[in-house]
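Novice: My questions are about this predicted structure, shown below with the sequence.
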Number of protein chains: 2
Amino acid sequence: MLDAAAVSEFAAGERLAAQLLFLSEVDKLKGVLRRSQLMDGSRYENSAEHSWHIALAAWLLADTADEAVDVARVMQMLLIHDIVEIDAGDTFAYDATRRTDQAAREAAAAARLFGLLPADQAATLHGLWCEFEARTTPEARFAHAVDRLLPVLHNFATQGGSWRANGVHRGMVVQRVGAIADGSARLWAVIERLLDEAVRRGYLAPVPASE
Amino acid sequence: MLDAAAVSEFAAGERLAAQLLFLSEVDKLKGVLRRSQLMDGSRYENSAEHSWHIALAAWLLADTADEAVDVARVMQMLLIHDIVEIDAGDTFAYDATRRTDQAAREAAAAARLFGLLPADQAATLHGLWCEFEARTTPEARFAHAVDRLLPVLHNFATQGGSWRANGVHRGMVVQRVGAIADGSARLWAVIERLLDEAVRRGYLAPVPASE
């Protein structure tokens, strides 16, 4: 990693030194592994490359959003939304135990990590992260939709991937990714058909008869 | 990977099917390895996570650009600038042999990969990629500056990383990353001091006396 002493030697002033240290710190996101595999099934995906993928996806799919969105703002949200995982870890969507304290762990992480930046940028990024979490703006709702969309495509592409590995059935997926419907009815319609096809192919278990 | 037959079954219409197939195809960028290591030295970096890192860096460092830039446009350029490597591979900065046909290989890759998108988006992304390569706009010059900046930080953070592994000296680095100066005099001043410090610490060989 870059150390603060070295950076202060070559960075011109405190602002640039803080920015370069932040960029060094967030390099750790490349080492945070998710439960989804790459689409070729070769390994698990990390949160940095996932963030790249969904920022690109949000740009290309912006015209499917239910409400008009500021595309740049959605992309920025998605580039930073997972940075808190550097401290808080990736919490598996279907891990009920760890999800109970997830919000507190992530809030502390956001304060520390965005706090490394110069004050104006710390406020901007922290604000965008809070907006993403609160889902009260069209941008945040669409950003969530895209963030939930990609893992479903990955699981389909890997013939069930983390669904099969973790005994997940169709009802659990709908509960988890139903937020797609809050950002884009068109993308949600695609996902419902995809899930039907996944059940038909045996990639995903149907909802158990008892539920 | 997602296959076209499946996608056409659940995607609503040709536009969305083309977009989802493109997003599936570019997942391969996560498997294209660069010569630079992660800042903790644990493994080599891939081009997808690198693209995430520089899009974020361009946003945060935009006020160091020599000319005013459209930040969203720079971020979009950086999110797609390496996609051609899926077909053309990553060409090491100091590999003179492979660099001779790099332009032709990458142009063919751009035509095929961006051509997977609906025509309007294919034209937009291909145009942005050409703009990045041509470096004739403030956005393209600043995007190049940031793209060249991060590997230098990575090499410093890993105590010489790919410099030492490949016998690279300070003059070769300056020739390779001098493009930083075309986009940001402030960032270039930082890099010159960083390279001095890298030589002082033994991370980077000085320019040989014979040159």
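Specialist: Happy to help now that I have it. For clarity, every value in this text was computed on a predicted model and none was experimentally measured.
Novice: how about the strands in chain A?
Specialist: A:33-37, A:44-46 (DSSP state E).
Novice: Quick one: closest of those to chain B.
Specialist: With CB to the nearest CB as the criterion, chain B lies closest to strand A:44-46 of those, at 6.6 Å. For the C-beta atoms, the positions are set from N, CA and C on the backbone; glycine is no exception.
Novice: in the closest one, what counts as buried?
Specialist: Burial within strand A:44-46, assessed by neighbour count using 16 or more other CB atoms under 10 Å in any protein chain shown, is assigned to A:45-46.
Novice: again with stretch A:124-140
Specialist: Using 16+ other CB under 10 Å as the burial criterion, the residues of stretch A:124-140 that qualify are A:124-126, A:128-129, A:131-133, A:135, A:137-140.
Novice: per-stretch mean pLDDT over the strands of chain A, give me the minimum one.
Specialist: Set side by side, the strands of chain A differ in mean pLDDT, and strand A:33-37 is lowest with a mean of 93.
Novice: Hmm, residue A:190 is touching residue B:12, no?
Specialist: Yes. Contact criterion CB atoms under 8 Å: residue A:190 and residue B:12 qualify, at 5.9 Å.
Novice: neighbour count winner among those two?
Specialist: Shown here are residue A:190 and residue B:12; by other CB atoms under 10 Å in any protein chain shown, residue A:190 has more neighbours (23 against 13).
Novice: Let's see the lowest-mean-pLDDT helix or strand in chain A as PDB, backbone CA atoms only.
Specialist: Per-element confidence for chain A was summarised using mean pLDDT, DSSP states H and E. The lowest value among helices and strands belongs to helix A:96-99, with a mean of 74. Written as PDB, here are the backbone C-alpha positions of helix A:96-99 (Å, rounded to 0.1, in the frame of the first residue of the first chain):
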ATOM      1  CA  ALA A  96     -30.000 -13.700   7.800                       C
ATOM      2  CA  THR A  97     -27.700 -13.700  10.800                       C
ATOM      3  CA  ARG A  98     -25.000 -11.400   9.500                       C
ATOM      4  CA  ARG A  99     -27.600  -9.200   7.800                       C
END
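Novice: quick check, distance from it to the centre of its chain.
Specialist: Using CA atoms, centre = their mean, to the nearest Å, the mean C-alpha position of helix A:96-99 is found 17 Å from that of the whole chain.
Novice: Phi, psi for the nearest residue to residue A:185 once chain neighbours are set aside please.
Specialist: Excluding its sequence neighbours, the residue lying closest to residue A:185 (CB to CB, 6 or more residues apart in numbering or on different chains) is residue A:66, at 5.8 Å. Geometry field for residue A:66 lists phi and psi as phi -60, psi -40, criterion degrees, to the nearest 10.
Novice: Look up how far residue A:57 lies from residue A:66.
Specialist: Taking CB to CB, to the nearest Å as the criterion, residue A:66 is separated from residue A:57 by 16 Å.
Novice: And for residue A:195?
Specialist: For residue A:195, the distance to residue A:57 (CB to CB) stands at 18 Å.
Novice: Name the residues that touch stretch A:65-73?
Specialist: Identification of contacts with stretch A:65-73 by CB atoms under 8 Å, 6 or more residues apart in numbering or on different chains yields A:58-59, A:62, A:128, A:138-139, A:141-142, A:145, A:183-185, B:71-72, B:75.
Novice: End to end on it, go ahead and measure it.
Specialist: Taking CA to CA, to the nearest Å, the span from the opening residue of stretch A:65-73 to its closing residue is 14 Å.
Novice: list the buried ones in it?
Specialist: When neighbours are counted by 16+ other CB under 10 Å, the buried residues of stretch A:65-73 are found to be A:65-66, A:69, A:71-73.
Novice: How far does that stretch sit from its chain's centre?
Specialist: Going by CA atoms, centre = their mean, where stretch A:65-73 is centred and where its chain is centred differ by 17 Å.
Novice: I'd like the average pLDDT over it.
Specialist: Confidence for stretch A:65-73, expressed as mean pLDDT, is 98.
Novice: where exactly do the helices run in chain A?
Specialist: Using DSSP state H, the helices of chain A run over residues A:4-10, A:14-25, A:47-61, A:71-80, A:85-88, A:96-99, A:102-114, A:119-134, A:138-157, A:161-165, A:170-177, A:180-183, A:185-201.
Novice: what's the offset of the fifth one from the middle of its chain?
Specialist: Using CA atoms, centre = their mean, the mean C-alpha position of helix A:85-88 is found 12 Å from that of the whole chain.
Novice: Would you mind pulling up the elements that it packs against?
Specialist: Using 3 or more CB pairs under 8 Å, 6 or more residues apart in numbering or on different chains; DSSP states H and E as the contact definition, the elements that helix A:85-88 packs against are helix A:102-114.
Novice: which residues of chain A score low on pLDDT?
Specialist: Per-residue confidence for chain A (pLDDT under 70) gives these ranges: A:93-94, A:211.
Novice: go again using 50 as the cut-off
Specialist: Judged against pLDDT under 50, chain A has no low-scoring part.
Novice: close enough to count as contact, residue A:11 and residue B:190?
Specialist: Yes. Contact status for residue A:11 versus residue B:190: in contact at 5.6 Å, counting by CB under 8 Å.
Novice: what do the two both touch?
Specialist: Residues touching both residue A:11 and residue B:190 comprise residue A:20, with contact defined as CB under 8 Å, 6+ apart.
Novice: so which of the buried residues of stretch A:124-140 comes closest to chain B?
Specialist: Nearest to chain B among the buried residues of stretch A:124-140: residue A:125, at 8.4 Å, using CB to the nearest CB.
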